[in-house]
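Enquirer: Okay, here's the prediction I keep looking at, along with the sequence it came from:
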Amino acid sequence: MEENIIERLNLTEQEVINIVSEWYENGMYPNILHDEDGYELCEITQRLWERKRSEEIKQLNLKIKTNE
């Protein structure tokens, strides 16, 4: 078994999240993934996506303000 396929394939954090989410949602991975707060994988990935989107919006707003 390969120990660090993520680094070997140079996968981004988002790519890893997408792959694991797809496995989880399609039943290819058991429904046992929870974080320390009890959130399931689908909830964790949704929060990560929302945080990333929020950061992108903040950066866009900053660029707009800078160009004014």
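Expert: Great, that's in hand. Because the structure is predicted, anything quoted here is derived from the model rather than measured. Residues are numbered from 1 along each chain as shown.
Enquirer: The longest helix along the chain - contacts with which helices or strands?
Expert: In the chain, with assignment by DSSP state H, the single longest helix is helix 41-67. Using 3 or more C-beta pairs under 8 Å, 6 or more residues apart in numbering; DSSP states H and E as the contact test, the elements touching helix 41-67 are helix 13-25. Every residue, glycine included, has its C-beta placed from N, CA and C.
Enquirer: helices and strands around the helix it packs on, which ones?
Expert: Using 3+ C-beta pairs under 8 Å, 6+ apart, helix 13-25 sits against helix 41-67.
Enquirer: Now do the same for the longest helix of the chain: mean pLDDT, whole number.
Expert: Averaged across helix 41-67, the pLDDT comes to 82.
Enquirer: And for stretch 12-30?
Expert: Here the average pLDDT along stretch 12-30 is 81.
Enquirer: one step back: mind listing what's buried in the longest helix of the chain?
Expert: 41, 44, 45 (16 or more other C-beta atoms under 10 Å).
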